[in-house]
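Colleague: Quick one, fold the following:
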Amino acid sequence: MELTLDSRMKLRGLTIHEKRKNYIVEESESGDFYEMPAICIDAIQLLQVDAPLAEIEEQLKNKYPSEDVDVLEFANQLIELGLVDEVDGQPIAGDKEKGEKAGRLLVSPATGRFFFNRLSLIVYAVLLGAIVTVFAVRPDLFPHYRDFFITDWMLVNSGVWLVMSLLVVLFHELGHFLAVRAEGLSSRLGIGHRLFLVVFETDMNGVWRLPANRRYVPYLGGICFDIVLLFTALMIRMLAGDTLVWLSGVAGMVVFYIFITLIYQCLFFMKTDLYYVIENALGTYNLMENSRSLLSRQLSRAGLGNLPGFKAKESIVYEGEEKLVKGYAVFYLAGLAVSLALFLVYFFPQFVYAFSISVPKLTEPVTTVAYWDGLFFMIEAALMIGLLVYSWIRKYTPARLPRDN
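Modeller: Purely as a prediction, here's the structure:
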């Protein structure tokens, strides 16, 4: 279907939320959100009263004389986003999925407010201060790469780690879920997957409906629950001491895992909870994409434009956001440095130590448990390395078009 300036469009049910700098357009059926400037909102409002595209373009050019107005291009973008129901009376086939209604936990807003209110937020802050104090007074409790190894049996270590990490992630997502419910918004705690790994996910799309100053608690809800769990694990480790070795070991593994995940929150080249907090505080969205685009342009000028992960992509930086994007680019690079430090201080030594206790087991008779434990780790390590290489190849190797025969 070809659009012309005489075309008229019927949009889907859209709700417009005015923010500090731009507007957020919510597609009610799917729950998707889009950031748009004022000129786009004016165009949408004119489309909603059935104005033809030619009339809309004329009005926008008069109202925004300094803007390069192309209503046909904007209309096509709306169609691509699935925000259009009809063009000139003909329905548009779309693949927008309706927001998930089933599978929601029946948790009242009052339950959410029990965990997220003024008093509870003070408690979370006090617990965070207590954690820092414990690490300062008892540096022996500070996470160490060997906290992963509660025994010399890698099968046991990996099994405990898998179960523990799933439970910790579930607890983290429960924090987000309850924080969203505390605001009276609908949410869903679901189960998804990344490759073959099971993950828990919280639907937080509704947070966009809140004023900016009320979004912080839903964004930080998971970290608040992490703090509670981290403090509890530290207390268990302190009380268990050398008496309950297994309990102390599992608690140490929990401390190590949560500590690493909290550090990961500061890796601003990923969209972490803290990333959304910063975006919300600055009132500037798509910071990561715009910063990556800025860095790619800088690298291109230096002749390094082909570096993996820094391919230049089209980005939109609104007026007044340039300094913020440049400033965030510094944090983006700092996050890369922190991730390298994590690898050198924790993950690489952990991998080396695991090899040091597993390789000798391969010299044991094939009928022994030790041999199979060592073999298990070698297979596990090969799978991890293989999946990592596979993900790098998929991410950084450009797709090739098939040749015509």
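
Colleague: What segments of this structure are helices?
Modeller: With DSSP state H, the ranges of helices along the chain come out as 38-48, 53-63, 71-80, 109-115, 118-137, 154-182, 216-240, 245-264, 273-282, 287-301, 322-342, 348-358, 369-396.

Colleague: closest to residue 26 out of these?
Modeller: Each of the helices of the chain has some distance to residue 26 by Cβ to Cβ; the shortest is helix 38-48, at 11.8 Å. No exception for glycine: its C-beta is placed from N, CA and C like everyone else's.

Colleague: OK, contacts around the closest residue to residue 148 other than its chain neighbours?
Modeller: Beyond its immediate neighbours in the sequence, the residue positioned closest to residue 148 (Cβ to Cβ, 6 or more residues apart in numbering) is residue 350, lying 5.8 Å away. Going by Cβ atoms under 8 Å, 6 or more residues apart in numbering, residue 350 touches 145, 146, 148.

Colleague: So which of the helices of the chain is the most surrounded?
Modeller: With neighbours defined as mean count of other Cβ atoms under 10 Å, the helices of the chain peak in mean count at helix 216-240, which reaches a mean of 21.

Colleague: Which strands or helices does that one pack on?
Modeller: Using 3 or more Cβ pairs under 8 Å, 6 or more residues apart in numbering; DSSP states H and E as the contact test, the elements touching helix 216-240 are helix 118-137, helix 154-182, helix 245-264, helix 273-282.

Colleague: closest one to residue 55 among these?
Modeller: Set against residue 55 and scored by Cβ to Cβ, these come closest in helix 273-282, at 36.0 Å.

Colleague: quick revisit: as CSV, the helices of the chain with distance to residue 27 and mean pLDDT would be great.
Modeller: Output for those, formatted as CSV (distance: least, Cβ to Cβ, whole Å; pLDDT from 0 to 100):
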stretch, distance to residue 27, mean pLDDT
helix 38-48, 11, 89
helix 53-63, 20, 90
helix 71-80, 10, 88
helix 109-115, 24, 93
helix 118-137, 32, 97
helix 154-182, 19, 93
helix 216-240, 20, 95
helix 245-264, 31, 93
helix 273-282, 20, 87
helix 287-301, 20, 67
helix 322-342, 27, 79
helix 348-358, 45, 92
helix 369-396, 29, 85
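
Colleague: quick one, what contacts the residue of the chain most remote from its centre?
Modeller: In the chain, the greatest distance from the average C-alpha position (Cα atoms, centre = their mean) is reached by residue 365, at 46.1 Å. The neighbourhood of residue 365, defined by Cβ under 8 Å, 6+ apart, consists of residue 371.

Colleague: Equivalent analysis for residue 51, please.
Modeller: Here residue 51 is in contact with 8, 59 (Cβ under 8 Å, 6+ apart).

Colleague: one more time with 10 Å
Modeller: Each residue near residue 51 by Cβ atoms under 10 Å, 6 or more residues apart in numbering is listed here: 8, 9, 43, 45, 57, 58, 59.

Colleague: Same check on residue 175?
Modeller: Going by Cβ under 10 Å, 6+ apart, residue 175 touches 115-116, 124, 202, 217-218, 220-229, 273.

Colleague: what's the answer for residue 154, then?
Modeller: Remark: with contacts taken as Cβ under 10 Å, 6+ apart, residue 154 is in contact with 148, 354, 357-358, 361, 373-378, 380-381.

Colleague: and if we set it to 6 Å?
Modeller: Counting by Cβ atoms under 6 Å, 6 or more residues apart in numbering, residue 154 touches 358, 373, 377.

Colleague: how near is the residue nearest to residue 148 to residue 147?
Modeller: Counting by Cβ to Cβ, to the nearest Å, the separation of residue 350 from residue 147 is 9 Å.

Colleague: Now list whatever residues contact both of those two.
Modeller: Between them, residue 350 and residue 147 have no joint contacts when contacts are counted by Cβ under 6 Å, 6+ apart.

Colleague: Name the surrounding residues that touch stretch 238-255.
Modeller: When contacts are defined by Cβ under 6 Å, 6+ apart, stretch 238-255 is touched by residues 143, 147, 150, 233, 234, 236, 237.

Colleague: Quick check: residue 293 vs residue 59, distance?
Modeller: Here the criterion is Cβ to Cβ. By it, residue 293 lies 32 Å from residue 59.

Colleague: sorry, that was for residue 287
Modeller: Spatial separation of residue 287 from residue 59 under the definition Cβ to Cβ is 32 Å.
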